[in-house]
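Visitor: my questions concern the predicted model and sequence given below.
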Protein chains: 2
Amino acid sequence: MRFYSFFEQTLQSALDISLAVNLKTLSEQLGLSQTTVSRGLNGYPDVSETTRKRILEAAKKYNYSPNSRAKSLATGKSRTIGHVIPTNSQHEMVNPIFGDFVAGASTVYAENGYSMLLTRVPEDAEIDTYNRMKSSGAVDGIVLQGPSVDDKRIDFLRKLDIPYAVHGRSSGITSDYPWVDVNNRRAFQRATDLLLDLGHRNIALLNGLEVMDFAGRRKQGFIDAFKKRSIEASPDLIFSAEMTEAYGYKVTTEVLATGSPPTAFLSSSLITALGIRRAIEDQGLRMGRDISVVTHDDMLSYLPNGDSEPVFTATRSSVSLAGRILAQMLIEKIEEKSKGPDAHLLEAELVLGQSTGPVSVR
Amino acid sequence: MRFYSFFEQTLQSALDISLAVNLKTLSEQLGLSQTTVSRGLNGYPDVSETTRKRILEAAKKYNYSPNSRAKSLATGKSRTIGHVIPTNSQHEMVNPIFGDFVAGASTVYAENGYSMLLTRVPEDAEIDTYNRMKSSGAVDGIVLQGPSVDDKRIDFLRKLDIPYAVHGRSSGITSDYPWVDVNNRRAFQRATDLLLDLGHRNIALLNGLEVMDFAGRRKQGFIDAFKKRSIEASPDLIFSAEMTEAYGYKVTTEVLATGSPPTAFLSSSLITALGIRRAIEDQGLRMGRDISVVTHDDMLSYLPNGDSEPVFTATRSSVSLAGRILAQMLIEKIEEKSKGPDAHLLEAELVLGQSTGPVSVR
DNA sequence: GCAAAGATCCAAAGCGCTTTGGTAATTAAA
DNA sequence: TTTAATTACCAAAGCGCTTTGGATCTTTGC
């Protein structure tokens, strides 16, 4: 039989069965006050280097990490950022962008010692959720995703007086607010320009849902490109729906069966573009030769647009990068390194792939 | 000029600029003790119905919601569940499943007053993160995603002595642990059976990465189906990689160019299946007539397998449902309604689409 | 009519941390 | 040598909640 001193016992138990070791027990173990241990751990200057070293070693040995609840209660900061995914009973699709955006943002959070609080609520309870997030002190900041045209949530968040940032913009909101967005209008104008340069005139636009702000901007870019050349974009060739593969296939099939089928397609999503391509090839046509396709590419990690050479000609902008930038911006706002609204407009690259070519005479 | 009484002033300020109203101010406003207000809000019986009503009204009026940090410090529960997404520098793909799984889980969390804490950390810091999550009291439970074969994280979590649940299983772990999983082996055995019944013998399997546990099970099902008929599955036709569209296209194109090309393909992901289909049609062949394809379908919301009739014949199992079940299970474990490990095996449906048919004589 | 039980309320302690406002000991400056 | 400044530490208050252990008053039972 082996005898343990009291010291050894507590040590053992802290190491084996992970007993809750808190500041009090740790400081008792060290023979120091809680104050000193706390300040030692938090890097305050009024603790000698030798004792600081002792403290850090003990903290590691006992696997101590401060209770985040107590800490945030004491400091008033939670080091947490809230993301809300509204659930719509109509179309409860999870945006395919979501995963990569969140991954980008939370990488930056992690680097800065923040974590991300995710909540999924019915659309009509969203405002309420923001309210509670703020008044319960659960988060230091809020990220707003997928703004619609004239999104009322933005004004609400400003009034709530909590740091926030928007992924995307909202036409109709005149006040200043912090955002990160792709220059959707420009991207789609350039894409349309390319197609027009190649001689295409009958171009179909397969856009996202029109309530979404980005869809409006893309449509505008599309129309503007035509206008600049004093041509009119055919309104019959402008579609908008949730951006699935089936949507691309269906619309393309239908529209190719009409009297004057388009010679080119412009798509808001790579997934939809896959459907467009399928429909084209179903007709025995060849994408890039018979019919041109340009798509927006969010650079989703599980949906690479080809390896070395892009498959689709695309307007390309990383949604994961947008997440990182947004996270950085929000953290700076929280830590008051920057004050007031901030904005970040990302320009999409236009990359040439194998899906475009001059209009062919069939 | 208008004169406000002190009472009106505090009331105003609480309503307009959302001043932090806490239990103390609320109880002062009501002329009650903090104890009574707290118990009133939490539904304890020792507060009269009339005063409870008064309390609830005041709480609503002042937009009071308890400070979650203080509450969880006092109760020792955080009502938060941790999800960790490991980042691998090799293949830092965000699993396309992620969005829908998380959406499913967080719906249940929301219904039960929980929220979800998401952290993305480098793979080698994952264990450390679990450790900190536990000892910092940040979460009441942990969800483990994407287990590999013989995943060491599972044993670690059990030793950590915190409620947890695994999405998927890990072959090689003999101890009991709570999980929710699809019967991958059975699903793929049935899918293979179907193809064999249709006369196919040369079947290619496009599987996920072999470190992933599900991939092993699917491969086993594939092989078993052959074995049962005393045939041998050709090992040259078994592939595994990250399940992108390009992967499906590339492998299919290559394998169709060989001397004895397969007449059927079995895919682990709908995205990969899209690539398989493209390659098939690129060769001027027709999926379902010339070459059969069966795929697993996780029922991702942005990737529906057809509308009314499925496009692909598929083994179908909703990953969002898995998320919901897992969340429910974990919450019950946390609230000790159920004790000890629990398991939930989901059977995948085998749905017939247009992508399969009898082996054709070309 | 009086004790026991029931109904309502409350003061104070405690959750685990940070921070304020010190004290004591040492060193530097005058 | 005395005083001021610096260094290294600490006791106690406070963050906003829950919970324990009463206290007070009313109702019930016999």
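Guide: Yep, it's here.
Visitor: C-alpha only now, for contacts and for neighbours.
Guide: Noted.
Visitor: residue nearest the centroid of chain A?
Guide: The C-alpha lying nearest the average C-alpha coordinate of chain A belongs to residue A:101 (Cα atoms, centre = their mean; 2.9 Å).
Visitor: now the helices for chain A?
Guide: A:6-15, A:23-30, A:34-41, A:49-61, A:68-75, A:97-111, A:126-135, A:152-160, A:184-197, A:213-228, A:245-256, A:270-282, A:319-334 (DSSP state H).
Visitor: nearest to residue A:205, of those helices?
Guide: helix A:213-228 (7.8 Å; Cα to Cα).
Visitor: only C-alpha atoms, please: export stretch A:120-128 in CSV.
Guide: Extracted in CSV, the C-alpha atoms of stretch A:120-128 (Å, rounded to 0.1, in the frame of the first residue of the first chain):
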residue,chain,number,x,y,z
ARG,A,120,-30.8,28.9,-36.3
VAL,A,121,-34.2,30.5,-35.7
PRO,A,122,-37.4,31.0,-37.6
GLU,A,123,-37.2,34.1,-39.7
ASP,A,124,-39.8,35.9,-37.7
ALA,A,125,-37.9,35.4,-34.5
GLU,A,126,-34.7,36.7,-35.8
ILE,A,127,-35.0,40.2,-34.5
ASP,A,128,-35.9,38.8,-31.1
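Visitor: which residues touch it?
Guide: When contacts are defined by Cα atoms under 8 Å, 6 or more residues apart in numbering or on different chains, stretch A:120-128 is touched by residues A:84-89, A:129, A:153, A:156, B:103, B:106-107, B:110.
Visitor: now do the buried residues in that stretch.
Guide: Buried residues in stretch A:120-128, counted by 16 or more other Cα atoms under 10 Å in any protein chain shown: A:120-121, A:126.
Visitor: and which of those residues is nearest residue B:234?
Guide: residue A:120 (45.7 Å).
Visitor: the closest one pairs with what?
Guide: residue A:85 (DSSP bridges).
Visitor: what's the least confident stretch among the helices of chain A?
Guide: Ranked by mean pLDDT, those end with helix A:6-15 at the bottom, a mean of 38.
Visitor: hmm, who's touching stretch A:220-231?
Guide: A:184-193, A:205, A:232-233.
Visitor: does any part of stretch A:321-335 sit near DNA strand C?
Guide: No - using Cα under 7 Å from any atom of the strand, stretch A:321-335 never reaches DNA strand C; the gap is at least 13.2 Å.
Visitor: right, and residue A:85 touches residue A:119 too?
Guide: Yes - shown here, residue A:85 and residue A:119 form a contact pair, counting by Cα atoms under 8 Å, at 6.2 Å.
Visitor: still on that earlier bit, out of the contacts of stretch A:220-231, who's the most crowded?
Guide: Neighbour counts for the contacts of stretch A:220-231 (other Cα atoms under 10 Å in any protein chain shown) peak at residue A:188, which has 31 neighbours.
Visitor: what residues does that one make contact with?
Guide: Contacts for residue A:188 (Cα under 8 Å, 6+ apart) come out as A:218-219, A:221-222, A:315.
Visitor: enumerate the residues of chain A near DNA strand D.
Guide: So chain A meets DNA strand D at A:31-37, A:45-49, A:51-52, A:70, A:73-74 (Cα under 7 Å from any atom of the strand).
Visitor: which residues does residue A:144 bridge with?
Guide: residue A:166.
Visitor: correction: residue A:212
Guide: residue A:148.
Visitor: equivalent analysis for residue A:296, please.
Guide: Residues in beta-bridge contact with residue A:296 (DSSP bridges): residue A:315.
Visitor: that one contacts residue A:265, correct?
Guide: No - counting by Cα under 8 Å, residue A:265 is not a contact partner of residue A:296; they are 11.3 Å apart.
Visitor: show me what from chain A comes close to DNA strand C.
Guide: So far as Cα under 7 Å from any atom of the strand goes, chain A lies against DNA strand C at A:20, A:22-24, A:34-35, A:38-39, A:42, A:65-68, A:70-71, A:73-75.
Visitor: give me the buried subset of the residues you listed.
Guide: The buried subset of these - by 16+ other Cα under 10 Å - is A:20, A:22-23, A:34, A:38, A:65-68, A:70, A:73.
Visitor: and of those, the nearest to residue A:358?
Guide: residue A:68 (60.8 Å).
Visitor: please give me every residue in contact with that closest one.
Guide: A:78, B:136-138.
Visitor: try it again at 6 Å.
Guide: Counting by Cα atoms under 6 Å, 6 or more residues apart in numbering or on different chains, residue A:68 touches residue B:136.
Visitor: please apply the same query to residue A:168.
Guide: With Cα under 6 Å, 6+ apart, residue A:168 has these contacts: A:180-181.
Visitor: look up phi and psi at it.
Guide: Dihedral pair for residue A:168: phi 110, psi 180, per degrees, to the nearest 10.
Visitor: how close does residue A:85 sit to DNA strand C?
Guide: 31 Å (Cα to the nearest atom of the strand, to the nearest Å).
Visitor: I should have written residue A:189 there, sorry.
Guide: 51 Å.
Visitor: same deal with residue A:96?
Guide: For residue A:96, the distance to DNA strand C - Cα to the nearest atom of the strand - is 39 Å.
Visitor: number of residues surrounding that residue?
Guide: Neighbours around residue A:96, by other Cα under 10 Å: 23.
Visitor: for it, what are phi and psi?
Guide: According to degrees, to the nearest 10, residue A:96 has phi -60, psi -20.
Visitor: excluding chain neighbours, what is closest to it?
Guide: Excluding the flanking residues, the one nearest residue A:96 by Cα to Cα, 6 or more residues apart in numbering or on different chains is residue B:302, at 6.3 Å.
Visitor: pLDDT value on that neighbour, please?
Guide: pLDDT, residue B:302: 87.
Visitor: phi and psi next, for it.
Guide: The phi/psi pair for residue B:302 (degrees, to the nearest 10) is phi -100, psi 10.
Visitor: ok, now how distant is it from DNA strand C?
Guide: Counting by Cα to the nearest atom of the strand, the gap from residue B:302 to DNA strand C is 43 Å.
Visitor: what's the neighbour count on that residue?
Guide: Neighbour number of residue B:302 under other Cα under 10 Å is 20.
Visitor: distance check, it against residue A:169.
Guide: Look at residue B:302 and residue A:169: by Cα to Cα, to the nearest Å, they are 23 Å apart.
Visitor: repeat that for residue A:33.
Guide: Distance from residue A:33 to residue A:169, by Cα to Cα: 51 Å.
Visitor: now residue A:342
Guide: 12 Å.
Visitor: so which of the two has more stuff around it?
Guide: residue A:169 (28 against 16).
Visitor: do you know the pLDDT at the more buried one?
Guide: Residue-level pLDDT assigned to residue A:169 equals 97.
Visitor: around the residue of the stretch 251-362 of chain A found nearest chain B, how many other residues sit close by?
Guide: Nearest to chain B in the stretch 251-362 of chain A, going by Cα to the nearest Cα, is residue A:301, at a distance of 5.0 Å. Number of residues near residue A:301 (other Cα under 10 Å) recorded here: 20.
Visitor: how about residue A:200, what does it touch?
Guide: So, once contact is read as Cα under 6 Å, 6+ apart, residue A:200 ends up touching residue A:359.
Visitor: ok so, going back, check contacts around the residue of the stretch 251-362 of chain A closest to chain B.
Guide: Residues in contact with residue A:301 (Cα under 6 Å, 6+ apart) are B:93-94.
Visitor: how about 7 Å then?
Guide: A:100, B:93-94 (Cα atoms under 7 Å, 6 or more residues apart in numbering or on different chains).
Visitor: tell me how far it lies from residue B:93.
Guide: To residue B:93, residue A:301 is 5 Å away according to Cα to Cα.
Visitor: and what of residue A:44?
Guide: 40 Å.
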